[in-house]
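# structure, please.
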Amino acid sequence: MNILLTAGPTYEPMDPVRFIGNRSTGKMGYALADAFAAAGHTVTLVSGPTALPVPTHPAIQTVRVETAAQMYAAAAEAAPTAQIWVFAAAVADYRPAEVAPEKIKKAGDTLTLTLVKNVDIAATLGETKRAEQFSVGFALETNNEQAHALEKLRRKNFDVVVLNSLRDAGAGFGHDTNKVTLLTADGVVTTSDLLPKSAVAQDIVQFVLARYAQYA
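Predicted coordinates for the structure are as follows:
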């Protein structure tokens, strides 16, 4: 099958030097790309800026992007021919309304930025999802974790949502380990142990492929 997979952060420029971003390293998304490829599938990996090396597996095509708008354009191009979509990227919700053409110089004690909302990639593509396509999202939460993750599942037309809680030590951004809870639209809840992200990726891929097989 063809897999669309987004990974890493997005950088939303303020000027030629500065940007708004987040702490995502892309490790979980890249581990998922490797796991899908190892399972025999072709992956289009749409990656935000990371320090990770480009995957070398021949079944992985990496598309490098920087902003949310660029990530949406690349994902929208790949989505129609992909059977499974996995939205593992940490996309910035907002971007500066204006990008200064030159470096913003320090002046005064405060700096006010006007931010505008970015396209919600998963939700927008979710409106076009066909019956034979399967969508997986990620939710990083700090409180009321399952309730917020399930609300995201419904709102973005996911079939599975992968919940990360920042309350779990060793999970989330910056770690080589992760602990996730997989939630489905029909009420299945599966929680992993704290494991290397490569092992968590294999568990997620096995779960997603098994669930997809039920719908195919």
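
# export stretch 66-74 as PDB, just CAs?
Coordinates of the C-alpha atoms in stretch 66-74 are reproduced here as PDB (Å, rounded to 0.1, in the frame of the first residue of the first chain):
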ATOM      1  CA  GLU A  66       9.400  24.000   6.400                       C
ATOM      2  CA  THR A  67       6.000  25.700   7.000                       C
ATOM      3  CA  ALA A  68       2.500  24.400   7.600                       C
ATOM      4  CA  ALA A  69       1.400  25.700   4.200                       C
ATOM      5  CA  GLN A  70       4.200  23.700   2.500                       C
ATOM      6  CA  MET A  71       3.400  20.600   4.500                       C
ATOM      7  CA  TYR A  72      -0.300  20.900   3.500                       C
ATOM      8  CA  ALA A  73       0.600  21.200  -0.100                       C
ATOM      9  CA  ALA A  74       2.800  18.200  -0.100                       C
END
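
# same question for that stretch, mean pLDDT?
Stretch 66-74 carries an average pLDDT of 98.

# just how off-centre is that stretch within its chain?
With CA atoms, centre = their mean, to the nearest Å as the basis, stretch 66-74 stands 12 Å off its chain's centre.

# what bridges to I60?
On the basis of DSSP bridges, I60 is bridged to V43.

# again, but for E141
According to DSSP bridges, the partner residues bridging E141 are S165.

# helices of the protein, start to end?
Assigned by DSSP state H, the chain shows helices spanning 27-38, 68-78, 121-126, 145-155, 197-215.

# if you skip the residues just before and after it, what's nearest to G48?
Spatial nearest neighbour of G48, excluding adjacent residues (CB to CB, 6 or more residues apart in numbering): G8 at 3.5 Å. (Each C-beta comes from the backbone N, C-alpha and C, glycine too.)

# what's the spacing between the one you found and A73?
Separation of G8 from A73 (CB to CB, to the nearest Å): 16 Å.

# what about the two, which has more around it?
Neighbour count, other CB atoms under 10 Å: between G8 and A73, G8 has more, with 30 against 15.

# so that one touches S24, yeah?
Yes: with contacts counted by CB atoms under 8 Å, G8 reaches S24, the gap being 5.6 Å.

# joint contacts of those two?
Listed as contacting both G8 and S24 by CB atoms under 8 Å, 6 or more residues apart in numbering are 48, 50, 89-90.

# just give me the closest of those residues to E98.
Nearest to E98 out of these is G48 (CB to CB; 21.7 Å).

# related to what we said a few turns ago, the residue nearest to G48: what's it in contact with?
If you count contacts by CB under 8 Å, 6+ apart, then G8 has 24-26, 29, 47-50, 52, 89-90 around it.
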